[in-house]
Structure formats: structure tokens, C-alpha cells
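S.K.: Okay, here's the prediction I keep looking at, along with the sequence it came from:
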Amino acid sequence: QKEVEQDPGPLSVPEGAIVSLNCTYSNSAFQYFMWYRQYSRKGPELLMYTYSSGNKEDGRFTAQVDKSSKYISLFIRDSQPSDSATYLCAMSGTLSGGSYIPTFGRGTSLIVHP
Amino acid sequence: DAGVIQSPRHEVTEMGQEVTLRCKPISGHDYLFWYRQTMMRGLELLIYFNNNVPIDDSGMPEDRFSAKMPNASFSTLKIQPSEPRDSAVYFCASSFVGEQFFGPGTRLTVL
């Protein structure tokens, strides 16, 4: 079993839909949970990060962490065609220093069609 | 700042040839990472440096791969000899505290 599991998709939704992207993990030492967005033929870019359990909201995006279940989610409200990309979850034990080496999921390909 | 710069953006080579990928990190960043991304395996960390010193190269697949960072503004990843299974997108990323900033990647095709 990989440390971080993520369904590669693709996930295809109509414009305006609510999207739910998820990852599960096995390492209980993870404290920081990140979501990267990767457009086609580009490098990943950090979208959001959260610390420990709870929710964090940024515009149309909400990141949710349930450490008891080792499960994280990214919700996208009112999805737009411009949200079409691959979303990678990543997690680490710290956010800086030598032990900050994130473990990435494989990424979920999201397609939002008009 | 121009961000992380990688060259070349695309490389097509024949099996057995030497391939050198180049990276210029963001000025002031003290960590540099090399990743490989494929559809099957996702994003894999190959090696990372801190203050130009290699810290962990356990992700380097075999001795055909080597990486150097002669100074704070330049790093190379070399594959010699290259094989078709090395075909992938190779990313360089740099960081100072926390967030990693990725370059645009080098798409390598080994025929």
C-alpha cells in the first residue's frame, strides 16, 4: 500500500457542479496537508494547505482534513472550465526544514465541461 | 523573479545516449528537488539538495542517474546511458520555507 492513495480519475463534471477530490493516507505523522494544481504541460502549483484537522476555505475552494480517518478532501464549488487540471494532494510531517519533504498522491484529473 | 527555470523543455534522444537536464532555482531558496512524473507512478522524488549538498538520493532509480549542484543557482540531472523507460517529465523544484515552487518540466522521450 502506498503512503498516499489518490484516484487518478478522470473526473468529468458539468460547469457549476460541486467537485469533491479525495486522498487517503497511512502515515499518522503527517501534520500538513496540501493541494497542488497542475495544468497540462505545466509544473504543479500550491493551491492550499491546512494544518492538522479541520477545514480551510479560500474562495470557491475548501480543504478538509479528518486525521482520525486519515482522509483529506478538496471541494470546489461552482466549478469552471478553467478548473480543469490535475489536482495532487501532498502531505508532510512539518512545513519547513529538513523533514519537510512532502509525499504526493498520483493526482486526480478533473475535467469541467461547459 | 522568473521562477524556477528548466532546460531543455523537450528532449528526444536515442537509447544509450547521455541526457543532461538543467535547473536554475529561485534565488534565495536553499532546497532544490528533482522529481520524475509518469502516468503510471505519478510524481516521484529522485533527489534533493540543501545548500548545494545532496541530502537524500534514495529515489534515484539506479546508477545511470546522477545529480549535481555546483552552486546555489544551478543543478543538473544526468542520465547515462538513457533507456526508453526513462521517458517521463522531469521537474525541478525549489523552496525556502514550506511551499515548493516547480519549474515547467523537461519532457524526455527516449527512443
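M.R.: Received the coordinates, thanks. What you see is a predicted model, and the numbers here were worked out from it, not measured in a lab. Numbers count the residues shown, from 1 in each chain, chains lettered A, B, ... in the order given.

S.K.: check contacts around the residue nearest in space to the middle of chain B.
M.R.: When CA atoms, centre = their mean is applied to chain B, the residue found nearest the centroid is B:W34 (3.6 Å). Going by CB atoms under 8 Å, 6 or more residues apart in numbering or on different chains, B:W34 touches B:C23, B:L45, B:L46, B:I47, B:Y48, B:A67, B:S75, B:L77, B:Y90, B:F91, B:C92. (Each C-beta comes from the backbone N, C-alpha and C, glycine too.)

S.K.: and if we set it to 7 Å?
M.R.: By CB atoms under 7 Å, 6 or more residues apart in numbering or on different chains, B:W34 lies in contact with B:L46, B:I47, B:A67, B:L77, B:Y90, B:C92.

S.K.: B:G3 too?
M.R.: For B:G3, the contact set (CB under 7 Å, 6+ apart) comprises B:I26, B:F101.

S.K.: before we move on, what about B:A67?
M.R.: B:A67 touches B:W34, B:I47, B:P54, B:S75, B:T76, B:L77, counting by CB under 7 Å, 6+ apart.

S.K.: Tell me where the model's unsure across the chain.
M.R.: You didn't say which chain, so I picked chain A. With pLDDT under 70 as the threshold, chain A has low-confidence stretches at A:1, A:94-100.

S.K.: Oops, wrong one, chain B.
M.R.: By pLDDT under 70, the weakly predicted segments of chain B are B:1.

S.K.: before we move on, the earlier item: and the residue nearest to the residue nearest to the centre of chain B when sequence neighbours are not counted, how close does it get to B:Y31?
M.R.: Of all residues not flanking B:W34 in the chain, B:L46 sits nearest, at 4.5 Å (CB to CB, 6 or more residues apart in numbering or on different chains). Distance of B:L46 to B:Y31, given as CB to CB, to the nearest Å: 14 Å.

S.K.: Fine, thanks again, bye for now.
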